[in-house]
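Asks: here are the coordinates; sequence isn't available:
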């Protein structure tokens, strides 16, 4: 990590010392330092890096800062940086740049890098083809171990990873895989085809990135080959890409559950924060109009039984929390592949059994609180309050389970069911049920308030 002395060098314009210090640091630390600088100072700090360090640091910068530097550097410098990026990182950057800038940069790349980038950009977002890299070690079946090691030393130094080498036939069809460990501990004259494994775990270009992450986690892989529909090897996905995918998916799910649009960060500019949150808040206000509409017809009932105003917020908070608990567990289990929509009845049975125990405990608690807060003539409310609390709890665990399962069955993102949405639904159901029962009790049994 950077010391405070290094952080202060740019402030006192000691660029020579800053250059020495930054070029000795790890690229990831330099990237963090540049990201934290004010916009006007980022290009200055980046320019003091030597060429090799600058290339490495550039890939660790957030996409918006990469775009900013591209506009501030000379074309020659930009082309050098972009040329040296891995194809998958370059494709991610091009996704964010204006079309005119992308076209200009593509024209200036080498034929090999232009083709690699265009190949990745041709696949839909969120698929294996879009996150793969085309830099991998490919071997022919007829090579010996000695020839394979010589090829890796001479031709594959700049590949994304060399821990696995992929064996293909003349049509680039993936045949088998061999690890670097096997190559190092096998006699040079042994043929590759005699030690390579034909049981290859692979994914297709159209496989979702979430599924890729699950497969790599299941089989403890640090890289996985990507093939097209004809089983031809077109790229690989490495473990660092999978970590990024898992972080991205987890962030997206958490933000959706909280009613926040994706890509917002803690240090995002205020206008970005407003733009990401306000649409959700306005939508949630619209939903709460429904909950309020359920209460509006019962204003006279609430006026007649004042303790209702004390009890009703407990329905809102408790029922919503129960629903979000079930919702979060279900979405998480779907996300990591622990369950599928075929397990819906099994999960629902478990949630209902757990919900029943929870409902009984909450029912008793609600009744006791109602008895404490109610006036003597209002204590009959406790029985209805406890009954509705138990009912709302069972409804909450049912919705928290069935809604994400239903979306998953429809091939939609289960995280689309946000916490505020479930809370509002439960509020509407709970208020309408509770106040209707209170109203009926007042009319039929002539209870006094």
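Replies: Noted; the coordinates are in hand. No experiment lies behind these values; they were computed from the predicted model shown. Numbering: from 1, shown residues only.
Asks: Following element in sequence after the least confident helix or strand in the chain by mean pLDDT, please.
Replies: Lowest mean confidence among the helices and strands of the chain (mean pLDDT, DSSP states H and E): helix 4-9, at a mean of 54. Toward the C-terminus, helix 4-9 is succeeded by helix 15-22 as the next helix or strand (DSSP states H and E).
Asks: Which strands and helices lie in contact with that following helix?
Replies: Contact partners of helix 15-22 among helices and strands, from 3 or more Cβ pairs under 8 Å, 6 or more residues apart in numbering; DSSP states H and E: helix 4-9, helix 39-47. (Glycine included, C-beta is placed from N, CA and C.)
Asks: angle of the last one against helix 15-22?
Replies: Here helix 39-47 runs at 70 degrees with respect to helix 15-22, directions being taken by axes from the mean of the first three to the mean of the last three Cα atoms, to 10 degrees.
Asks: Point out the other helices and strands that helix 39-47 packs with.
Replies: Counting by 3+ Cβ pairs under 8 Å, 6+ apart, helix 39-47 packs on helix 15-22, helix 27-36, helix 63-72.
Asks: What is whatever helix or strand comes next after that helix packed up against?
Replies: As assigned by DSSP H and E, the chain's next helix or strand after helix 39-47 is helix 51-58. With contacts taken as 3+ Cβ pairs under 8 Å, 6+ apart, helix 51-58 sits against helix 27-36, helix 75-84.
Asks: how distant is the helix or strand harbouring residue 288 from the center of its chain?
Replies: Per DSSP H and E, residue 288 falls inside helix 270-295. Between the centre of helix 270-295 and the centre of its chain there are 23 Å (Cα atoms, centre = their mean, to the nearest Å).
Asks: just stretch 223-232 next, same as before
Replies: Its chain's C-alpha centre and that of stretch 223-232 lie 24 Å apart, by Cα atoms, centre = their mean.
Asks: What of stretch 388-401?
Replies: 28 Å.
Asks: Which positions within the helix holding residue 288 qualify as buried?
Replies: Under the neighbour-count criterion of 16 or more other Cβ atoms under 10 Å, helix 270-295 has 273, 276, 277, 280, 284, 287, 291, 294, 295 buried.
Asks: Mind putting the residues you listed into TSV with distance to residue 99 and pLDDT?
Replies: Shown next, in TSV, are the buried residues of helix 270-295 (distance: Cβ to Cβ, whole Å; pLDDT from 0 to 100):
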residue	distance to residue 99	pLDDT
273	28	76
276	24	75
277	29	76
280	30	75
284	35	76
287	38	75
291	45	74
294	49	77
295	51	84
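Asks: Specify which member of these is nearest to residue 66.
Replies: Of all the buried residues of helix 270-295, residue 276 has the smallest distance to residue 66: 21.0 Å, by Cβ to Cβ.
Asks: what's stretch 55-75 in contact with?
Replies: Residues from elsewhere that reach stretch 55-75 (Cβ atoms under 8 Å, 6 or more residues apart in numbering): 27-28, 30-32, 34-35, 39, 42-43, 46-47, 49, 78, 80-82, 84-86, 89, 92-93, 95-97, 101, 108.
Asks: Repeat the analysis, applying 6 Å as the threshold.
Replies: 27-28, 30-31, 35, 43, 46, 78, 81, 84-85, 89, 93, 96-97 (Cβ atoms under 6 Å, 6 or more residues apart in numbering).
Asks: Just the buried ones from the residues you listed?
Replies: Burial by neighbour count, 16+ other Cβ under 10 Å: within the contacts of stretch 55-75 this picks out 27, 30, 31, 43, 46, 78, 81, 84, 85, 89, 93, 97.
Asks: So the last one versus residue 64, what's the distance?
Replies: The span separating residue 97 from residue 64 equals 11 Å under the rule Cβ to Cβ, to the nearest Å.
Asks: What of the fifth one?
Replies: As judged by Cβ to Cβ, residue 46 and residue 64 stand 14 Å apart.
Asks: next one: the fourth one
Replies: Applying Cβ to Cβ, one obtains 14 Å for the distance of residue 43 from residue 64.
Asks: Which pLDDT value belongs to residue 256?
Replies: Residue 256 carries a pLDDT score of 70 in this model.
Asks: Numbering from 590 from now on, please.
Replies: Got it, first residue is 590 now, which makes that one residue 845.
Asks: How much space separates it from residue 824?
Replies: 29 Å.
Asks: Likewise for residue 732?
Replies: 21 Å.
Asks: cool, and residue 918?
Replies: Using Cβ to Cβ, we find residue 918 at a distance of 35 Å from residue 824.
Asks: more neighbours, these two?
Replies: residue 824 (25 against 19; other Cβ atoms under 10 Å).
Asks: In a strand, the more buried one, correct?
Replies: Yes - assigned with DSSP: H, G, I helix; E, B strand; the rest coil, residue 824 falls within a strand.
Asks: for it, what are its contacts?
Replies: Residue 824 touches 721, 722, 723, 815, counting by Cβ under 6 Å, 6+ apart.
Asks: which phi and psi does the third one have?
Replies: Main-chain torsions, residue 723, degrees, to the nearest 10: phi -90, psi 10.
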